[in-house]
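[1] below are the sequence and a predicted model for it; my questions follow.
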Amino acid sequence: MNEPPLNQIIKARNQCAEIIALYGEKFLPIFERLENEIAIREERQRLLDKAIMIGSKNGTQNGTHLAPRFNAQSK
């Protein structure tokens, strides 16, 4: 089973926030889990971007052609 894309997790988090605003903190654990997943994915993407940037420095062709492939796998 594939992981949902980040934008869907953000949408779910926002919907959960609306539910919490209406019905109270009973649903806060779900909001917290979604927040954690967003943070994990954003950090993973930041590190991947940094690794690709470092790997493709000095004008080399190596690494630059890999960015689209790695970015597609991380989503």
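    Good, I have the coordinates.
[2] now do the phi/psi pair for residue 3.
    phi -70, psi 150 (degrees, to the nearest 10).
[3] and the helix or strand hosting residue 11, how far out from the chain's middle?
    Using DSSP states H and E, residue 11 falls within helix 6-23. With CA atoms, centre = their mean, to the nearest Å as the basis, helix 6-23 stands 16 Å off its chain's centre.
[4] check which residues of it are buried.
    If you call a residue buried by 16 or more other CB atoms under 10 Å, then helix 6-23 has these buried ones: 6, 9, 10, 12, 13, 16. Yep, even glycine has a C-beta here, placed from its N, CA and C like the rest.
[5] how far away is the first one from residue 40?
    Distance, residue 6 to residue 40, by CB to CB, to the nearest Å: 10 Å.
[6] all helices of the chain, in order?
    Counting by DSSP state H, the chain has helices at residues 6-23, 28-55, 67-73.
[7] follow-up on the earlier one: got the contact list for the helix holding residue 11?
    With CB atoms under 8 Å, 6 or more residues apart in numbering as the test, helix 6-23 has contacts from 4, 27, 28, 30, 31, 34, 35, 37, 38, 41, 42, 75.
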